[in-house]
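Q: let me see the structure of the following:
(chains A, B, C and D)
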There are 2 protein chains.
Amino acid sequence: MPNDDVQTTGKVTIFDVAEASGVSYGTVSRVINNDPHVRPATRARVMDAIQRLGYVINRQAQSLARGQTHVIGVLVPELGNGYIGEIMRGIDGELDQAGYDLMLFTTHRRAAKEANYVASLVQGVVEGLLLVLPRNPADYLGVLSARKFPHVLIDHQGIDTTSPAVGATNWQGAFVATEYLIGLGHRRIGFITGSMDLGCAQDRLEGYKAALRAHHLPICPELIYEGDFFQHAGVQGANALLDLPEPPSAIFASNDVMAMGAMDAVRHRGLRVPDDISIIGFDNIPQSAVLLPPLTTVQQPLEQMGRVATQMLFDMLQEPGKRTSRIELPTELIVRQSTAPYRNRIG
Amino acid sequence: MPNDDVQTTGKVTIFDVAEASGVSYGTVSRVINNDPHVRPATRARVMDAIQRLGYVINRQAQSLARGQTHVIGVLVPELGNGYIGEIMRGIDGELDQAGYDLMLFTTHRRAAKEANYVASLVQGVVEGLLLVLPRNPADYLGVLSARKFPHVLIDHQGIDTTSPAVGATNWQGAFVATEYLIGLGHRRIGFITGSMDLGCAQDRLEGYKAALRAHHLPICPELIYEGDFFQHAGVQGANALLDLPEPPSAIFASNDVMAMGAMDAVRHRGLRVPDDISIIGFDNIPQSAVLLPPLTTVQQPLEQMGRVATQMLFDMLQEPGKRTSRIELPTELIVRQSTAPYRNRIG
DNA sequence: GCACTTTTTGTAAGCGTTTACAAAACATCC
DNA sequence: GGATGTTTTGTAAACGCTTACAAAAAGTGC
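A: Here you go, the predicted model:
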């Protein structure tokens, strides 16, 4: 007689379990779903059969029958940078707690495809969608909104105002950081922007300008270098700024990665950070704390943004009609050793 | 009479489309699946109805009926570091081409949960599993193998030998890099290891040792600092090595991130790279090229590893019985400016 | 032990597709 | 214009589960 231990192959269904334990398939279903209406003895028998046969539930079928998948989709422009990783960590944590699974889509490849892509892929598989740092959201948002498909944007305060979103107080963060440099005595402060097609980059620039204005300092176009959030732009931006006839004494980069590039460029010229040039970043990625010198930066609550966005999405799933909102989480200035009081460097 | 344009809500099924276009649901299914056995005129009529009603297929139901989901799962220890991001890029690209979707699982949170976690979550939802850099794979591999569940390991040449895997030639990479330093005249070469619980970290260390041996140089335990692949370990490792009575003239870090830390530490002591100390990394993450100086490193074909692993998985799905293999993709030494010929630095 | 209530179990229908098979429509030839 | 062969279309059953409802069993109080 063959061993009927854990089946290694083939599909074990609810019917097999029912037969093996001498109950009906309905009862097996109830056991699986922890329905209280089942006698302890019966439950034990069924559980035993489940073990023996190595039964695991078929989520497809369950989803189909229940009409819900317990999967949410996350759309990211790309993996690889730590910034998105932090956000993902928050999303993942929250999803995990709720027992949801996560389907990952990247735009970078299919960006060119038709706008319906998101809607069509997503329909029937994911219950909601989290859009991280969408670059040209106009494409999908139309479809998503039209279909009333639950979704929330993360870190994009762009043109669209109808979709719920969570971001950070980029403007204030940049304002505070700039003000801090001004407080240290710096008067000429260089600024390296991010990709200006992103709302957050624009906001940071505006915050910088506003702080200068608030302190009656001139806004010099030559002190503003247009970057793109990549390290290389930090290097080039710093070089461009330091080549100026009247170079700045401090550089504010729109993210930490560019700040790192700027730090390298400064040192490569034989100048010291922060003695000769103060440098400040934005994001507070994990690396910033272990640089030499540790980087002064504006902390973005990235993980929290992920968490909050996920919770918002769950709210929407619960009460489909609910008024959606746009949330901005506070940034915080983290003072470390890459900034110092101004002193007349050359003369 | 109400407008029957794109429905914004509710579910449009194959039956609705059938009714709207005056054909049977079977025909609609055929149209959806591009079955050639349907008259052009009929096809057009159905397509039109699909458009009008805004029908999109329900993947759950399709999966259930077809018995395949077109989803594969990827299990990663964490997001956030660029290393995994590169691998993911390769996976994603390959999946995309094949029209598969990607479900992402992270271990870091549920690691403590029972070993069946992978199997139970996965069964019925994903057709195969890619395990990226699994840290304690013994837990799941047993279940996976027992169930003959298609899976491939990425970058883990550990104890387990039965599962198919793709990795890189870590040993050779480290050997070549070390030999390169020796060729530059260095005799005392410091080594900062990765997490020694990972096979790749062990292999790199062995490659380093083998190169020394091959050139009849002594293996000095004090020159080997045990790190963990994080930047901080690079800083500490470099400091420890340089504090030695007889410090090394070159440092080989087991990954680029630690090499960056080491570079910072070296400079912080007023020494220059590469003039005083040569530094070499491993991985060739995108950042390494834009450091100052650009980092000499061993390139790992991360994206390619992702691609190859995914292809292997597809092969396994196609021919379930197929003999599985373990592949090692070649590493390559990338010479940049963080390494220089040895010269007697102090004396 | 009976009538009654409550709990447990079984059954049938449904979720939205696919697909094998049968039926109907069309084309082709003599 | 019928016999024949080829497409095209319709129908029914299946995929593995949930769930409302009905039936059976078990538990009560007298």
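
Q: roughly how far apart are the residue in the stretch 151-300 of chain A that DNA strand D sits nearest to and A:Ser163?
A: Going by C-beta to the nearest atom of the strand, DNA strand D is nearest to A:His151 of the stretch 151-300 of chain A, at 24.5 Å. Backbone N, C-alpha and C define where each C-beta goes, glycine included. Distance of A:His151 to A:Ser163, given as C-beta to C-beta, to the nearest Å: 6 Å.

Q: about what we covered before: the residue of the stretch 151-300 of chain A closest to DNA strand D is in contact with A:Leu129, isn't it?
A: Yes. Look at A:His151 against A:Leu129 with C-beta atoms under 8 Å: they come within range, at 4.1 Å.

Q: how about the residue of the stretch 151-300 of chain A closest to DNA strand D, phi and psi?
A: Phi and psi for A:His151, reported as degrees, to the nearest 10, are phi -160, psi 150.

Q: so who does it touch?
A: A:Gly128, A:Leu129, A:Leu130, A:Leu131, A:Leu144, A:Ser163, A:Pro164, A:Leu313 (C-beta atoms under 8 Å, 6 or more residues apart in numbering or on different chains).

Q: got it, and A:Leu129?
A: Going by C-beta under 8 Å, 6+ apart, A:Leu129 touches A:Ile72, A:Gly73, A:Val74, A:Leu75, A:Val118, A:Val122, A:Leu144, A:Phe149, A:Pro150, A:His151, A:Val152, A:Leu313.

Q: so which of those residues sit within strands?
A: If you go by DSSP state E, the contacts of A:Leu129 have A:Ile72, A:Gly73, A:Val74, A:Leu75, A:His151, A:Val152 in strands.

Q: just list whatever residues bridge to the last one.
A: Just to be clear, that refers to A:Val152. For A:Val152, the beta-bridge partners are A:Leu130 (DSSP bridges).

Q: burial measure for it, as a count.
A: Residues near A:Val152, counting by other C-beta atoms under 10 Å in any protein chain shown, number 24.

Q: OK, contacts around it?
A: A:128-131, A:163-166, A:309, A:312-313, A:316, A:324.

Q: most neighbours of all those residues, which one?
A: A:Ala309 (29 neighbours).

Q: touching, it and A:Ile91? I think so.
A: Yes. With contacts counted by C-beta under 8 Å, A:Ala309 reaches A:Ile91, the gap being 7.0 Å.

Q: list residues touching both of these two?
A: What both A:Ala309 and A:Ile91 touch, as defined by C-beta under 8 Å, 6+ apart, is the set A:Leu130.

Q: and A:Glu86, what is it in contact with?
A: A:Ile285, A:Leu302, A:Glu303, A:Gly306, B:Gly80.

Q: actually A:Gln60, sorry about that
A: By C-beta under 8 Å, 6+ apart, the contact list for A:Gln60 reads B:Gln60, B:Ser63, B:Leu64, B:Thr69, B:Gly124, B:Val125.

Q: give the closest residue to the third one in space, chain neighbours not counted.
A: Pointing back at B:Leu64 there. By the measure of C-beta to C-beta, 6 or more residues apart in numbering or on different chains, the closest residue to B:Leu64 outside its immediate chain neighbours is A:Gln60, 4.7 Å from it.

Q: returning to what we had before: closest one of the contacts of A:His151 to B:Pro294?
A: Closest approach to B:Pro294 among those (C-beta to C-beta): A:Leu131, at 35.2 Å.

Q: check whether stretch A:179-198 comes near chain B.
A: No. Counting by C-beta under 8 Å from any C-beta of the partner chain, chain B has no neighbours in stretch A:179-198; the shortest distance is 14.3 Å.

Q: buried residues in that stretch?
A: By neighbour count on 16 or more other C-beta atoms under 10 Å in any protein chain shown, the buried set for stretch A:179-198 is A:179-182, A:184, A:186, A:188-195, A:198.

Q: quick one: mean pLDDT for that stretch?
A: When pLDDT is averaged along stretch A:179-198, the result is 95.

Q: pretty sure A:Ala211 is touching A:Thr178, no?
A: Yes. With contact defined as C-beta under 8 Å, A:Ala211 counts as touching A:Thr178 (3.6 Å).

Q: residues of the stretch 201-347 of chain A that sit close to chain B?
A: Counting by C-beta under 8 Å from any C-beta, the stretch 201-347 of chain A sits next to chain B at A:231-232, A:235, A:261, A:264-265, A:267-268, A:286-287, A:290-292.

Q: neighbour count winner among A:Ala211 and A:Thr178?
A: When neighbours are counted by other C-beta under 10 Å, A:Ala211 and A:Thr178 differ, and A:Thr178 comes out ahead with 26 against 23.

Q: quick one: the closest residue to A:Thr324 other than its chain neighbours and A:Leu313, what's the gap?
A: Excluding its sequence neighbours, the residue lying closest to A:Thr324 (C-beta to C-beta, 6+ apart) is A:Pro164, at 3.6 Å. Noted for A:Pro164: a distance of 8 Å to A:Leu313, by C-beta to C-beta.

Q: equivalent analysis for A:Ile87, please.
A: A:Ile87 is 13 Å from A:Leu313, by C-beta to C-beta.

Q: next: A:Ile91.
A: 9 Å.

Q: apart from its neighbours in sequence, what residue is nearest A:Val126?
A: In space, A:Val126 comes closest to A:Gly73 once its chain neighbours are excluded; the distance is 3.7 Å by C-beta to C-beta, 6+ apart.

Q: dump the contacts of A:His151 to CSV, plus distance to DNA strand D and pLDDT.
A: Converted to CSV, those look like this (distance: C-beta to the nearest atom of the strand, whole Å; pLDDT from 0 to 100):
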residue, distance to DNA strand D, pLDDT
A:Gly128, 19, 91
A:Leu129, 23, 90
A:Leu130, 25, 93
A:Leu131, 29, 90
A:Leu144, 26, 79
A:Ser163, 30, 85
A:Pro164, 28, 90
A:Leu313, 21, 94
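
Q: which one of the residues you listed is nearest DNA strand C?
A: Proximity of the contacts of A:His151 to DNA strand C (C-beta to the nearest atom of the strand) peaks at A:Gly128, which lies at 17.9 Å.
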